[in-house]
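Visitor: When you get a sec, could you give me coordinates for this:
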Amino acid sequence: MAKPFKLQTVLNHRQRLEDIAMQSLAEARARENALLQQIADRRTVLEHLQGEFAERQQAGISVHDLQIYRLSIQRSLSRIKTLEDQAGQLAREVENRRRHLAETCREKKLLEKLKDKHQVEQTCLDNLRETAHLDEVALRIGTPDL
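Guide: As a prediction, this is how the structure comes out:
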């Protein structure tokens, strides 16, 4: 009879850690994608604002409107810069979580290989025991009672 794998609890724990790391990476990627979409949206608004400003300048614009447009454009550029900085931080976080997941996977794989080796050894031991038992039975059958 095969002995159970002694480190199965550790392997189960490593699997849970891997699942958590996968979830964490997926969440960070989702936040990164949402932020990148927000940056793209802000850039579209900025381009529209700049285009409108250029048209108004050609048609003639009051000093007050000129200041409002410049201020709006500066605010948009500032907000985009802030979002890009956040995106950079999030990209580093995603990379860190990816590395953590890779390490977690490696640790789990080591235990899985150890478990596979244990199972092969147990199968070999079981086969040896069965062979020994069959040899014993064959000897008993082949030996006449005296």
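
Visitor: From residue 42, how far out is residue 24?
Guide: From residue 24 over to residue 42 the distance is 27 Å, taken as CB to CB, to the nearest Å. From N, CA and C alone the C-beta is placed, and that goes for glycine too.

Visitor: count of neighbours near residue 104?
Guide: 19 (other CB atoms under 10 Å).

Visitor: shift numbering so it begins at 621
Guide: Renumbered: residue one is now 621, and that last one reads residue 724.

Visitor: ok, it touching residue 639?
Guide: No - taking contacts as CB atoms under 8 Å, residue 724 lies outside contact range of residue 639: 9.2 Å.

Visitor: which other helices and strands contact the longest helix along the chain?
Guide: Determined from DSSP state H, the single longest helix within the chain is helix 683-762. Judged by 3 or more CB pairs under 8 Å, 6 or more residues apart in numbering; DSSP states H and E, helix 683-762 is in contact with helix 628-679.

Visitor: okay, the angle between the helix it packs on and helix 683-762?
Guide: With axes from the mean of the first three to the mean of the last three CA atoms, to 10 degrees defining the directions, helix 628-679 sits at 160 degrees from helix 683-762.

Visitor: From the chain's centroid, how far away is helix 628-679?
Guide: 15 Å (CA atoms, centre = their mean, to the nearest Å).

Visitor: Could you name the helices and strands sitting against it?
Guide: Partner elements for helix 628-679 (3+ CB pairs under 8 Å, 6+ apart): helix 683-762.

Visitor: pLDDT weak spots in the chain?
Guide: The chain contains residues with pLDDT under 70 at 621-622, 763-766.

Visitor: do that again at 80, thanks
Guide: 621-622, 762-766 (pLDDT under 80).

Visitor: Residues contacting stretch 634-642, please?
Guide: For stretch 634-642, the surrounding residues in contact (CB atoms under 8 Å, 6 or more residues apart in numbering) are 717, 720-721, 724-725, 727-728, 731.
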